[in-house]
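Visitor: sequence-free structure coming up:
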Ligand SMILES: [Mn+2]
């Protein structure tokens, strides 16, 4: 079966597994292949390609890819939409998190790609991931038979999928090859030595995928290098194309929630510097909408200029408390400044600002990503919670007490 036909059939395949349908042949099992909640190109491509590869190899079972976002957020994933359109995959052919029925037959299997912490842990049969192993109680819920391939040094989960793809002769699909190739290029920042986000397996995989994509016009080494650079620039431009999005959507485009016992901290990843974002006319309103109800908001900016222009990646960090928790902002700021693993090399922007009372810093270590920053912030919150210092009410109480003349 061809790749596009496989995707088109996914919805009807899924519908055979709602509990009231008794027609399901009991020997067949449903395997959902799910990426992470940011639904970046890596997660989306890894899910659709791995589901297809496995479906062709184990035809006695059903494999259905699921994009781990609500359908309404698909337009935010501009680079995913761009690459999928290029491969003739349109939105109607995709299944999203909110397309899953509330109740599925209980013995479904789940395959996690590009993440390894999931609410569905008890059903997970396989994990392909490249993030550092997280110590989370959920991991204990994984069944003993669960196959885990977690390789943090790899630049892209698509490389791990590519290894599965090339391990056997079938199936082959030019679209699968093209999707995996593009994803690895984007994730590794086209093997940028400054960003160092790849290992030899990523490079080897891209070489192998290029050999399968025959370019009759020019298959020389230089031809490949030139095509890589063009494709990378095209993907970065697509990812940064926010022309059709509102500023609130830009903040939601690539966000993660950091959750501790008492805090929910939204962490927005922007395709521009945070310092530039806040200069936009409706930035304040967008930030207030985006972070309503949180004591702290973190914005991580990344500007990737076109490689053909020779520009370098720039990063920055913004810490804002809309509820005026300056102490909390200060604690996080100090922890980020003091971080040694890795040192973030944070310095004030050339032009400083006091926008929304926040703290804005250039991050000169451009190799450090959200993966590194998130645990540092989490540790601050956990420590503060342990010392009971950051409970909203406590802070208020300490501040107000002297005014009341009770001290
Ligand atoms: Mn990834």
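Guide: The structure has been received and is ready for your questions. Fair warning: this is a prediction, and the values are worked out from it, not measured in the lab.

Visitor: so where do the strands sit in this protein?
Guide: 30-34, 62-66, 109-113, 124-129, 147-150, 255-259, 264-270, 297-303, 314-320, 346-348, 359-363 (DSSP state E).

Visitor: same list (those strands) but as CSV, adding mean pLDDT, mean neighbour count and distance to residue 223.
Guide: For every residue, glycine as well, the C-beta is placed using N, CA and C. Listed next are those as CSV, based on pLDDT from 0 to 100; neighbours: other CB atoms under 10 Å; distance: least, CB to CB, whole Å:
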stretch, mean pLDDT, mean neighbour count, distance to residue 223
strand 30-34, 97, 23, 34
strand 62-66, 98, 24, 32
strand 109-113, 97, 25, 31
strand 124-129, 98, 22, 31
strand 147-150, 96, 14, 33
strand 255-259, 90, 15, 38
strand 264-270, 95, 20, 33
strand 297-303, 96, 23, 29
strand 314-320, 97, 23, 30
strand 346-348, 96, 14, 41
strand 359-363, 98, 22, 35
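
Visitor: now the ones you listed in a markdown table, with distance to residue 10?
Guide: Shown next, in a markdown table, are the strands of the chain (distance: least, CB to CB, whole Å):
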| stretch | distance to residue 10 |
| --- | --- |
| strand 30-34 | 10 |
| strand 62-66 | 5 |
| strand 109-113 | 14 |
| strand 124-129 | 18 |
| strand 147-150 | 23 |
| strand 255-259 | 26 |
| strand 264-270 | 28 |
| strand 297-303 | 33 |
| strand 314-320 | 37 |
| strand 346-348 | 45 |
| strand 359-363 | 40 |
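
Visitor: distance of residue 121 from residue 136?
Guide: Look at residue 121 and residue 136: by CB to CB, to the nearest Å, they are 9 Å apart.

Visitor: let me redo that: residue 283
Guide: 34 Å.

Visitor: so between those two, which is more surrounded?
Guide: residue 283 (18 against 12; other CB atoms under 10 Å).

Visitor: for residue 322, see how far away that one is.
Guide: Counting by CB to CB - residue 283 and residue 322 are separated by 13 Å.

Visitor: how about residue 297?
Guide: Separation of residue 297 from residue 322 (CB to CB): 7 Å.

Visitor: what do the two both touch?
Guide: Shared contacts of residue 297 and residue 322, defined by CB atoms under 8 Å, 6 or more residues apart in numbering, are found at 287, 291.

Visitor: burial count for the residue of the stretch 301-407 of the chain found nearest the ion?
Guide: Here the stretch 301-407 of the chain gets closest to the ion at one residue, residue 371, 9.5 Å apart by CB to the ion. Neighbourhood size, residue 371 [other CB under 10 Å]: 11.

Visitor: give the contact list for the closest residue to it other than its chain neighbours.
Guide: Nearest residue to residue 371 in three dimensions, chain neighbours excluded: residue 131, at 6.3 Å (CB to CB, 6 or more residues apart in numbering). Taking CB under 8 Å, 6+ apart, we find residue 131 in contact with 114-116, 150, 152, 371.
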